[in-house]
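J.: how would this look folded up:
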Amino acid sequence: MKKDKSVLIIGGDKRQKLLLKLLSEDGYNATHINENTENFCDVISSNDIVFLPLPASKDRVHIYSDTDNFRLKIADAVKSIKNTSVVFGGGIPKEVRDYFEDESIEYHDCLISELFELQNAYFTAQGALKLLLDNTEDYLLGKTVLITGFGRIATALSEMLKNLNMKVTVAARNELQLKTAKLSGFQTINLKELRNLSGFDFIFNTVPYRIFDEKTVSLADRKCVYFELASAPFGVDRELTQKYDIRYVQGGALPGKYLPLSSAKLLKEYMEQFI
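T.: This is a model prediction of the structure:
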């Protein structure tokens, strides 16, 4: 059955390149488009399975790709998908999902799958740990860390940092998250009461909205390193960190950067649940 399934992977990064390799080795008729092509409509319409990247689009207009010369509008791509195809991807925009439903096209968004998101959170946390090691020349034992939010990524990361004997404080607004963090052995503070960032060597933000204003940033230690793990609009204005000489590290798409093979295997497993 696998050899009867043609799979088209569109755009993406190292994860999609390795996904192509895994699928091909397992008997699928798989191809990958990550550069401009004149007949992309015909290529897309001739496949049984279409894989959009994670995220499907960063600007909600073009399909995400780490290749500079690949510019494919997501609206043009999805209109070329036949209604007998099955579509996979992550963070598929609502208007695209609405189109799939109107056209009776089966689709699966892995970023709304609890099991997928849980595993992907650990990949992201491990990538964040790699970022931390790359951005310090000092011993981590006893260093102080602030983690904002306590969702899947923050939970995984806080445990990893605690195991390195770092002093972790969790800041969140959700009372259940705060209670869970406290029972897990972390210091906690309500985000509404967080007014002073002094005393932290590292800050990891996982909250996808602005939580730090200029007054709060101005009180952070100048040696502090800020890691942005959330999506836009992010936790702080990057210009503010530059103004107060705080090192800012962008941490987007960490599984694709640091664990592409594990991520590709997870994508393949996710796809094979449904076909």
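J.: Give me the contacts around the helix or strand of the chain with the lowest mean pLDDT.
T.: Least confident helix or strand, the chain: helix 40-45 with a mean of 86, by mean pLDDT, DSSP states H and E. Defining contact as C-beta atoms under 8 Å, 6 or more residues apart in numbering, one finds that helix 40-45 is touched by 8, 10, 31, 33, 37, 50, 72, 76-77, 80-82. Using the backbone N, CA and C atoms, a C-beta is placed for each residue, glycine as well.
J.: And the helices in this structure, which stretches?
T.: Along the chain, counting by DSSP state H, helices occupy 14-25, 40-45, 74-78, 94-102, 114-134, 152-163, 175-183, 214-218, 238-243, 254-258, 260-272.
J.: Using CSV, lay out those helices together with mean neighbour count and distance to Val145.
T.: Below are those laid out as CSV (neighbours: other C-beta atoms under 10 Å; distance: least, C-beta to C-beta, whole Å):
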stretch, mean neighbour count, distance to Val145
helix 14-25, 19, 28
helix 40-45, 15, 45
helix 74-78, 20, 37
helix 94-102, 14, 35
helix 114-134, 18, 9
helix 152-163, 20, 5
helix 175-183, 14, 13
helix 214-218, 14, 17
helix 238-243, 14, 17
helix 254-258, 21, 17
helix 260-272, 19, 24
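J.: between those helices, which gets nearest to Asn196?
T.: Closest to Asn196 of these is helix 214-218 (C-beta to C-beta; 7.2 Å).
J.: list the contacts for Lys73?
T.: 61-63.
J.: Top of those by number of neighbours, please.
T.: Highest neighbour count within those, by other C-beta atoms under 10 Å: Ile63, with 26 neighbours.
J.: Pull the contacting residues for it.
T.: Residues in contact with Ile63, defined by C-beta under 8 Å, 6+ apart, are 10-11, 52-53, 56-57, 70, 72-74, 77.
J.: Repeat the analysis, applying 10 Å as the threshold.
T.: 10-12, 33-34, 52-53, 55-57, 70-78, 89 (C-beta atoms under 10 Å, 6 or more residues apart in numbering).
J.: okay, it: pLDDT?
T.: You'll see Ile63 listed with a pLDDT of 93.
J.: repeat for Arg60
T.: Reported pLDDT for Arg60: 86.
J.: contacting residues around it?
T.: Arg60 makes contact with 74-75, 91, 93-96, according to C-beta under 10 Å, 6+ apart.
J.: swap the cut-off to 8 Å and go again
T.: 74, 93.
J.: And Phe202, by the same measure?
T.: 132, 136, 143-146, 224-227.
J.: Save these as TSV, and put in distance to Leu157 too.
T.: Shown next, in TSV, are these (distance: C-beta to C-beta, whole Å):
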residue	distance to Leu157
Leu132	9
Thr136	15
Lys143	14
Thr144	15
Val145	9
Leu146	12
Cys224	17
Val225	14
Tyr226	14
Phe227	9
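J.: Out of those residues, which two are the most distant from each other?
T.: Spanning the widest gap among the contacts of Phe202 are Thr136 and Leu146, at 15.1 Å by C-beta to C-beta.
J.: ok, the two, which is more surrounded?
T.: When neighbours are counted by other C-beta under 10 Å, Thr136 and Leu146 differ, and Leu146 comes out ahead with 23 against 15.
J.: give me every residue that touches the more buried one.
T.: Counting by C-beta under 8 Å, 6+ apart, the residues that Leu146 touches are 169, 171, 197, 200, 202-204.
J.: again, only this time at 6 Å
T.: Neighbouring residues of Leu146 by C-beta atoms under 6 Å, 6 or more residues apart in numbering: 169, 200, 203.
J.: Any chance of JSON lines for these, columns pLDDT?
T.: Below are the contacts of Leu146 laid out as JSON lines (pLDDT from 0 to 100):
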{"residue": "Thr169", "pLDDT": "98"}
{"residue": "Phe200", "pLDDT": "97"}
{"residue": "Ile203", "pLDDT": "98"}
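J.: Narrow those to those in strands?
T.: Mapping the contacts of Leu146 onto strands (DSSP state E) picks out 169, 203.
J.: which among the contacts of Leu146 gets closest to Lys21?
T.: Of those, the one sitting nearest to Lys21 (C-beta to C-beta) turns out to be Ile203, at 37.0 Å.
J.: Is the closest one in contact with Tyr226, as I believe?
T.: Yes. Ile203 is within contact range of Tyr226, at 4.8 Å (criterion: C-beta atoms under 6 Å).
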